[in-house]
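[1] Give me coordinates for this.
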Amino acid sequence: MTSLTIDDRYRTRTRHRLEPISRLEPTVWSGVDGPIGAATLAGHDSRGFSVHDELLGPDEVRAFRAELDRLAADEHLKTDERVIVEPRSRDVRSIFEVHKISPLIGELVQDPRVADRARQILGSEVYIHQSRVNYMPGFQGKGFYWHSDFETWHAEDGMPAPRAVSMSIALTDNYPFNGGLMVMPGSQRTFIPCVGETPDDHYKASLTAQEIGVPSQADITMLARTCGIDQFTGPAGSALMFDSNLMHGSGNNITPFPRSNIFLVFNSVQNLLADPFAASAPRPEFIATRL
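    Okay, the predicted model is just below:
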C-alpha cells in the first residue's frame, strides 16, 4: 500500500465556494494503441465520453444478468460490508469489489475488449480502482444527483489527477425514461470545487445518498448551459466509457423497466492514490484500491 503526499491542484470540500478550475490534464492520453477507432477516440476526447455498441453479445448479457440475479439473492452476501442495500426494502442497490466476489466479472475485467480500451484512453497500464454492479429496479430505483466522480476520488481517496476512466456496461436496455445516466458533454474540462467538510466515515452514508461532494445548483446550471445534457441510451450489451471528471447524474426509475449495469473504474498506474486531499482517512480498499 502506498501513502503519498503531493500538491493539491484541485482544492475542494472547503468552507466557502471556490471558482471552477480549468483542467490541466488531457482527457485522452497518447502512447497506447487499442481497439477504439480514431473518430470515436476524438469524440471521447472532446465530449468526455464514448458509447461502444455490442461490447457484449446476447449470450454474454444473459450470463451476466443471471450472475447479478444470483448475487442479489444471496442472503449471506447481504451481510458483507461491500453490499449496499436500500434501508427500507433491504433490496440490493450496489455490490462493490464485485470483480473479487464474482469470478465471471473477474474475467471480464481482464477481457481485452474492456481493459485495452481503458489502456488506450489513459495511455498507460491500468488497474481497477473500483468495481461494482448497480441495480435500479422498476418503480423504485433511486437515482444519483449531479456529481463528478473525480471530486470524490480526489477528496476522499487521494486520487491526484483525473487520469481515470469508467466503463458502464448495460445488462438491461437503457431507455430515456428508466433512469438512464445523463452526462454533460465537455464538462470534464472543468473541475467544480464543492463546499462542506467531509464527515468521518462519510462513505457509509454517501453510497446510498450523497450530500457532501455535490456541486451547487448555480454551478450545475452554468455547466448545463455551457455543455448541454446528453443521455446514455441503448440496448443491453452496450457500454458507456466516461472521464472521471465528467459531470453526470441519473433520475429515479418510476417505470416498470429495471436497469442494471456493471461499473468498472480503471486508474492509470501513473496516477496512484495519495493521502486523501479532503478527508481525515482513506476510504476502505473495497471502494478505492491502493497499490
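[2] The lengthiest helix in the chain packs against which elements?
    For the chain, the helix with the greatest residue count under DSSP state H is helix 58-73. Other elements packing on helix 58-73 under the criterion 3 or more C-beta pairs under 8 Å, 6 or more residues apart in numbering; DSSP states H and E are strand 92-96, helix 103-110, strand 126-136, strand 259-268. Bear in mind the C-beta positions are built from the backbone N, C-alpha and C, glycine included.
[3] now these in JSON lines, with distance to residue 11?
    As requested, the helices and strands packed on helix 58-73 are exported to JSON lines (distance: least, C-beta to C-beta, whole Å):
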{"stretch": "strand 92-96", "distance to residue 11": "27"}
{"stretch": "helix 103-110", "distance to residue 11": "33"}
{"stretch": "strand 126-136", "distance to residue 11": "21"}
{"stretch": "strand 259-268", "distance to residue 11": "21"}
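[4] So for residue 31, which of these sits nearest?
    strand 259-268 (10.7 Å; C-beta to C-beta).
[5] Name every strand pairing with that closest one and say which way it goes.
    Applying DSSP bridges, strand 259-268 is found paired with strand 126-136 (antiparallel), strand 164-170 (antiparallel).
[6] now the last one and helix 103-110, what's the angle there?
    Put simply, strand 164-170 runs at 130 degrees to helix 103-110, going by axes from the mean of the first three to the mean of the last three C-alpha atoms, to 10 degrees.
[7] Residue 67 against residue 105, yeah?
    Yes - under the criterion of C-beta atoms under 8 Å, residue 67 makes contact with residue 105 at 7.0 Å.
[8] of those two, who's got more company?
    Neighbour totals were compared for residue 67 and residue 105, and residue 105 leads with 22 against 19 (other C-beta atoms under 10 Å).
[9] for the chain, what helix or strand is lowest in average pLDDT?
    Least confident helix or strand, the chain: helix 203-206 with a mean of 72, by mean pLDDT, DSSP states H and E.
[10] Not counting it itself, show me its contacts.
    By C-beta atoms under 8 Å, 6 or more residues apart in numbering, the list of residues contacting helix 203-206 from outside reads 152, 156, 199, 211, 212, 213, 283, 284, 287.
[11] Among the residues you listed, name the buried ones.
    152, 156, 212, 213, 283, 287 (16 or more other C-beta atoms under 10 Å).
[12] which one is the third one nearest to, not counting chain neighbours?
    Spelled out, that is residue 212. Once flanking residues are discounted, residue 212 sits nearest to residue 196: 4.9 Å by C-beta to C-beta, 6 or more residues apart in numbering.
[13] Helices of the protein, residue ranges please.
    With DSSP H as the criterion, the chain has helices spanning 38-47, 58-73, 98-101, 103-110, 112-122, 149-152, 203-206, 217-227.
[14] Would you mind pulling up the elements that the third one packs against?
    Using 3+ C-beta pairs under 8 Å, 6+ apart as the contact criterion, the neighbours of helix 98-101 among helices and strands are helix 103-110, strand 126-136.
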